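[1] Need coordinates for the following:
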Amino acid sequence: MPKYTYVALDARGNETKGGIEAASQNEAIGRVKEMGLFPTKINEADKDDKAAGKKAKGKAKPAAKAKGGAKKGMSINISIPGLGGGVKPKVLTTFTRQLATLVDAGLPLLRGLRVLEKQERNPNLKRILAELATSIEGGSTFSEALAQHPKVFNKLFVNMVKAGELGGVLEVVLKRLAEFSEKAQKIKGKVKAAMFYPVAVLVVAVGIMVLLMTMVVPKFKEVFGGMGITLPGFTVFVLAVSDLIRNNILATMGAMAVVVVLFLLFIKTKFGRHVWDKVKLKMPPTGPVVTKVSISRFTRTLGTLVTSGVPILQALTIVRETAGNVIIANAVSKIHESVKEGETITAPLEASRVFPPMVVSMVDVGEQTGALPEMLLKIADNYDEEVDNAVEAMTSLLEPIMIVFLAVIVGSIVIAMFLPLIAMITNLSGDEGGGGKKGGD
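    Predicted structure coming up:
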């Protein structure tokens, strides 16, 4: 019967190594689990001996290694510029879900990574999976390997995996991470879909205005010049704007670009970011949606981290860094200081004036009953529904607003061009009426 060597974690998270005889690798995995251990690596002893022999041979003959290049069992880590990230959240979520399924089915982590590496189509993630597997083969833990790729796996991901490793529940943590990512992507997708309509209408409005001002209005100006009539003030204003845009098109575009650049530079400053994030939370009609998304993100992130076994102070630090809003991050900082001093979460949460009374009350009940993680996740689920309702309300409100906005822009230009014609027709009608009356007398 073949012999297998294993590396496993006990209930306290301590690493244990040993050997076991079994008919197959799956049977070896089952027997290690029956011992109350969580296997992280199981290999056949003969293969390990061969690998060790190859490794020793490679050390004895470094010239052969250089000549042969990268062989099986060896790895050359090359940092390629521009490929640090390049993994979309949706792709990362799919990977997390698949890895959770494989680990839950009893497949060793290393083998699961190799399986996913073979089938992965994203070149960046494929390269990263190969590096993760190599790091684990070299003796690193999964969380340590993930931490080497901070542009792809953020602190939330790394710390949750670390907590799962220590608690021997890696597959459970990976499932929670996948669910967390899926819900975050779902909310983000709904907000993007809701904002598509007003942005599209705004682009169309700008395009129509530029077309009218540069192509149509100048034609009317030529017609009015040949008539020799006195133009209304509103028409004169529209003609002046048309001349300004047409004669200074490059300067106009440059001025718009400068305004955009100055705005982007402003919100990168500490004061500017604070002002802009506060405006995003308060500005109607998008403010309620942004607020609800921020609350859902805060509660789900904190609840998921604490449920997975991450210490509360470390969890709050991660939440602060992944908040995405300075106002929320400042509130989390105050909560962190409060908890550090042995006080409750409720007081600084209420003092921030960002979280509604219902959220504060539910967190307070969670603290008193010792069910804070579960309560945070319930709040997150509730606010996911609130986000859906807020997005629908925002969409229904923005549609008529944008239609009226487009009608006002186009209608104003049209009215300005027809006012002189209306005045001229009115004067001609008056002259004809006056002439007819005089002839009758």
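
[2] in stretch 104-123, what's buried?
    By neighbour count on 16 or more other C-beta atoms under 10 Å, the buried set for stretch 104-123 is Leu107, Pro108, Leu109, Leu110, Arg111, Gly112, Leu113, Arg114, Leu116, Glu117, Glu120, Asn122. Yep, even glycine has a C-beta here, placed from its N, CA and C like the rest.

[3] next one: stretch 89-107
    Counting neighbours by 16+ other C-beta under 10 Å, one finds that the buried residues in stretch 89-107 are 91-100, 102-103, 107.

[4] Let's test this: mean pLDDT of it, rounded?
    The average pLDDT within stretch 89-107 is 86.

[5] For that stretch, give me every contacting residue.
    Residues outside stretch 89-107 that contact it (C-beta atoms under 8 Å, 6 or more residues apart in numbering): 26, 29-30, 33, 109, 111-113, 115-116, 120, 122, 125, 129, 152, 170-171, 174-175, 177-178, 181-182, 184-185.

[6] lowest-confidence helix or strand of this structure?
    Among the helices and strands of the chain, helix 62-68 carries the lowest confidence by mean pLDDT, DSSP states H and E, at a mean of 35.

[7] Toward the C-terminus from it, list the very next helix or strand.
    Elements were assigned by DSSP states H and E; along the chain past helix 62-68, the next helix or strand is helix 89-104.

[8] Give the full set of residues in contact with the closest residue to Ile335 other than its chain neighbours.
    Across the structure, with C-beta to C-beta, 6 or more residues apart in numbering as the measure, the residue nearest Ile335 apart from its sequence neighbours is Pro348 (4.7 Å). Pro348 sits next to Ala331, Lys334, Ile335, Glu337, Ser338 when contact means C-beta under 8 Å, 6+ apart.

[9] Which helix or strand contains Pro348?
    Pro348 is part of helix 346-351 when elements are defined by DSSP H and E.

[10] distance of Glu374 from Tyr197?
    To Tyr197, Glu374 is 37 Å away according to C-beta to C-beta, to the nearest Å.

[11] Hmm, I typed the wrong one, I wanted Glu165.
    Distance, Glu165 to Tyr197, by C-beta to C-beta: 45 Å.

[12] What of Val332?
    With distances defined as C-beta to C-beta, the gap from Val332 to Tyr197 amounts to 33 Å.

[13] Compare the two (neighbour count), which wins?
    Val332 (26 against 13; other C-beta atoms under 10 Å).

[14] buried stuff in stretch 240-257?
    Of the residues in stretch 240-257, those buried by neighbour count under the rule 16+ other C-beta under 10 Å are Ser242, Ile245.

[15] And the average pLDDT for it is what?
    Averaged over stretch 240-257, pLDDT sits at 82.

[16] Now tell me what touches that stretch from outside.
    Outside stretch 240-257, the residues within contact range by C-beta under 8 Å, 6+ apart are Val210, Met213, Thr214, Val217, Pro218, Lys221.

[17] quick one, what contacts the last one?
    The reference is to Lys221. Listed by C-beta under 8 Å, 6+ apart, the contact partners of Lys221 are Leu239, Ser242.

[18] where does it land on pLDDT?
    As predicted, Lys221 sits at a pLDDT of 82.

[19] Now do it against Ser412, distance only.
    Summarising the geometry, the distance separating Lys221 from Ser412, computed by C-beta to C-beta, is 16 Å.

[20] Report the distance from the longest helix anywhere in the chain to the chain centre.
    Ranked by residue count under DSSP state H, the longest helix found in the chain is helix 372-440. From the chain centre to the centre of helix 372-440 is a distance of 34 Å (C-alpha atoms, centre = their mean, to the nearest Å).

[21] Against which helices or strands is that helix packed?
    Helices and strands in packing contact with helix 372-440 are listed as helix 170-211, helix 217-227, helix 233-247, helix 287-307, helix 357-369; criterion 3 or more C-beta pairs under 8 Å, 6 or more residues apart in numbering; DSSP states H and E.

[22] Quickly compare those helices and say which is most buried.
    Of all these, helix 287-307 carries the top mean neighbour count, a mean of 23, counting by mean count of other C-beta atoms under 10 Å.

[23] Compile the buried residues of stretch 104-123 into TSV and extend it with columns for distance to Ala255.
    As requested, those are arranged in TSV below (distance: C-beta to C-beta, whole Å):
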residue	distance to Ala255
Leu107	60
Pro108	61
Leu109	57
Leu110	58
Arg111	60
Gly112	56
Leu113	53
Arg114	56
Leu116	51
Glu117	51
Glu120	47
Asn122	41
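
[24] Just flag the most distant two among these.
    Pairwise distances among the buried residues of stretch 104-123 were taken by C-beta to C-beta; the largest, 23.2 Å, belongs to Pro108 and Asn122.

[25] and Arg176, how far is that from Ala315?
    13 Å.

[26] Count the neighbours of Ala163 for me.
    A count of nearby residues for Ala163, using other C-beta under 10 Å, gives 23.

[27] Could you tell me which ranges of the protein sit under the pLDDT cut-off?
    Flagging of the chain using pLDDT under 70 yields the residue ranges 1, 9-15, 38-40, 46-86, 228, 429-441.

[28] what's the closest of the buried residues of stretch 89-107 to Thr307?
    Of all the buried residues of stretch 89-107, the one sitting nearest Thr307 is Ala100; the distance, using C-beta to C-beta, is 15.2 Å.

[29] Could you identify the pair within the buried residues of stretch 89-107 that is furthest apart?
    With distances taken as C-beta to C-beta, the most widely separated pair in the buried residues of stretch 89-107 is Val91 and Leu107, at 20.7 Å.

[30] In a strand, Ala8, correct?
    Yes - according to DSSP: H, G, I helix; E, B strand; the rest coil, Ala8 belongs to a strand.

[31] Could you find the closest non-adjacent residue to it?
    Closest residue to Ala8 in three dimensions, ignoring its sequence neighbours and counting by C-beta to C-beta, 6+ apart: Leu37, at 3.8 Å.

[32] Pretty sure the one you found sits against Ile20.
    No - contact criterion C-beta atoms under 8 Å: Leu37 and Ile20 do not qualify, at 10.4 Å.

[33] Those two: which is more packed in?
    Summary of the neighbour comparison: Leu37 and Ile20, criterion other C-beta under 10 Å, with Leu37 having more neighbours (20 against 17).
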